[in-house]
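no sequence on hand, only this structure:
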């Protein structure tokens, strides 16, 4: 973000940096001193998605749930407020938004068992102005919040008895918050439920409002105006937290003010911004969990296998990584196209063999290692299609792709579309510019490391720049080595040659010949590992991969069912010193 010649950016662990936007000179930095243990509550890394600026103050959310206001000139804190219950595993990774003097901020933590909401704070004082909950109060009591009225009138009735009364139901607003000055409404995107499994969460009954929904509120008060639920009875981590865009589109012979979203479930939605009425919804990548969206009811027509009934396994497209994840899409009023960093992948879903909600643990309510009859028709012979990424130019009026560029792996960067007819996007180590009209590649640059953030553009004294944060993290990071983050800024005629990244030293392969076979129940151990460890410590370079760690050869390692006894404090139970976090900057 650039203002008055200063470039502001955030990094991992909720840190903030300010630079001279023309020269790159470092002006100031701010470290909110997030404690290392807060990283345990982050489902998908210690990332931060940006700050907000308003009348000389910069606002940032911290991983441990604080909202901090900084002096934009100096980086000195002006005020700080704890926006979450510190006894619960809440996090903040999303960027605040400022609307009419109020700072809006959501939170994360749905997988671990929290109740989602969005809050508004006075930008000058930090005083709470209003709060809107996205799941009902488990006790049935009123919250004294802006959401009380709509839950009493309609939303609470969409929840039945189930584990949500212990877990809070999830529904966190961890990213999308969009203000539209034409309608005067703010649109928030709501995430998945807890547990993911609808049968456990709510007895398989009810739509569970406002999970996987776009909710329109009045920014001054938080008053509910309308909602649209992309995935009723959400059961697959099909969040609707992906960015929400507002535009004027020619539809049906008239110009309509619309809301657009490409959420995880694979359908591109166009809604009337004032009323939430569904105008169109089409698949933007191959999707088989639902046949289509019924425009009369607004509901998906689900495939028979999608809800993994009767103990079966559903291997469906798409999976929990989604057809589009958090990476921002872009819209060009010139071309009328939306540019989506889309992806194709599969998910495997099956009911667990017994489930107990554990506060602070990964509570999806699914089997992570599955076998048994597949409830979906058998795939054709041959290898299944691997996950892939695709830069997609989508026509939101015709509801079809105009052009696309495939990539070998998912998880590409966010997208920037410029008034000059360019689209900037990164895949792997390649940062490229394409013709916005036809996707023709025009320029490329080797960033030296994988990039997942979107680029942005700005001008200082008539000179245009393109800025990009280089770094890898988050969910689905794969086996790409993690290198130190880097800010790259480009302009025509630029001559700087960045120093090369250091070579990554890969850990040795573990010699299992030295291992002593366990006398315990390996199947039960697998269940414990999957529930408490596998989400972070399964593969990849970000955290220690326990499957190849020398800690498993140490007789002082995890003793039997000690794994996961973490809700009372140390989630990891008794781990060897190698795996205890040694400070705020990593394991």
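Here it is on my side, so go on. Everything numeric here is computed off the predicted structure, so don't read it as measured data.

without its sequence neighbours, what residue ends up closest to the residue positioned nearest the centre of the chain?
Geometric centre of the chain, nearest residue: residue 326, 4.5 Å, by C-alpha atoms, centre = their mean. Excluding the flanking residues, the one nearest residue 326 by C-beta to C-beta, 6 or more residues apart in numbering is residue 175, at 5.6 Å. Backbone N, C-alpha and C define where each C-beta goes, glycine included.

just checking, that neighbour touches residue 49?
Yes. With contact defined as C-beta atoms under 8 Å, residue 175 counts as touching residue 49 (6.6 Å).

could you pull out the strands in the stretch 401-550 of the chain for me?
Along the stretch 401-550 of the chain, the segments classed as strands by DSSP state E, counting those that start in this stretch run 415-417, 422-427, 430-435, 441-446, 456-460, 463-470, 486-490.

that older thread, mind listing the shared neighbours of residue 175 and residue 49?
Counting by C-beta atoms under 8 Å, 6 or more residues apart in numbering, the residues touching both residue 175 and residue 49 are 93-95, 326.

tell me the two of the residues you listed that are most distant?
Using C-beta to C-beta, the two most remote members of the shared contacts of residue 175 and residue 49 are 95 and 326, lying 11.0 Å apart.

anything in contact with each of those two?
Looking at what touches both residue 95 and residue 326 (by C-beta under 8 Å, 6+ apart), the common residues are 49, 175.

you'd agree residue 65 is up against residue 87?
No. Applying C-beta under 8 Å, one finds residue 65 not in contact with residue 87, separated by 10.9 Å.

the more surrounded of those two?
Higher neighbour count among residue 65 and residue 87: residue 65, with 24 against 8, using other C-beta atoms under 10 Å.

hmm, back to that, let me know the pLDDT of the residue nearest to residue 326.
Residue 175 is assigned 96 on the pLDDT scale.

for it, give its distance to residue 400.
Here residue 175 is placed at a distance of 26 Å from residue 400 (C-beta to C-beta, to the nearest Å).

look at those two and report which has more neighbours.
Using other C-beta under 10 Å, the more surrounded residue of residue 175 and residue 400 is residue 175, with 23 against 12.

how close does the residue nearest to the centre of the chain get to residue 411?
10 Å.

who's in contact with stretch 326-341?
Against stretch 326-341 from outside (C-beta under 8 Å, 6+ apart): 49, 175, 241-243, 245, 247, 249, 260, 262, 268, 284, 324, 389, 391-397, 402, 411-417, 419, 421, 423, 425, 436-437, 452-454, 474.

mind giving me the PyMOL select for the residues you listed, buried ones only?
Remark: buried members of these, expressed as a PyMOL selection using 16 or more other C-beta atoms under 10 Å:
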select buried, resi 49+175+241+242+243+245+247+249+260+262+268+284+324+389+391+392+393+394+396+397+402+411+412+413+414+415+416+417+423+425+436+452+453+454+474
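
partner residues bridging residue 339?
With DSSP bridges as the criterion, residue 339 is bridged to residue 330, residue 393.

any idea how far it is from residue 18?
Counting by C-beta to C-beta, the gap from residue 339 to residue 18 is 29 Å.

and the two? Which one has more around it.
A count of neighbours by other C-beta under 10 Å puts residue 339 above the other of residue 339 and residue 18, at 27 against 21.

overlap of the contact sets of residue 326 and residue 411?
residue 474.

and the nearest residue to residue 267 once chain neighbours are set aside, its phi and psi?
Leaving out its chain neighbours, the residue that sits closest to residue 267 by C-beta to C-beta, 6+ apart is residue 281, at 4.7 Å. The phi/psi pair for residue 281 (degrees, to the nearest 10) reads phi -160, psi 110.

contact partners for residue 281?
267-270, 292-293, 295.

out of these, which end up buried?
If we count by 16+ other C-beta under 10 Å, those have these buried: 267-270, 293.

export the residues you listed to TSV and tack on pLDDT and distance to residue 407?
TSV is the format used below for these (pLDDT from 0 to 100; distance: C-beta to C-beta, whole Å):
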residue	pLDDT	distance to residue 407
267	98	22
268	98	19
269	98	24
270	98	26
293	98	27
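
adding mean pLDDT, write the strands of the stretch 401-550 of the chain out as CSV.
Converted to CSV, those look like this (pLDDT from 0 to 100):
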stretch, mean pLDDT
strand 415-417, 98
strand 422-427, 98
strand 430-435, 98
strand 441-446, 97
strand 456-460, 97
strand 463-470, 97
strand 486-490, 97
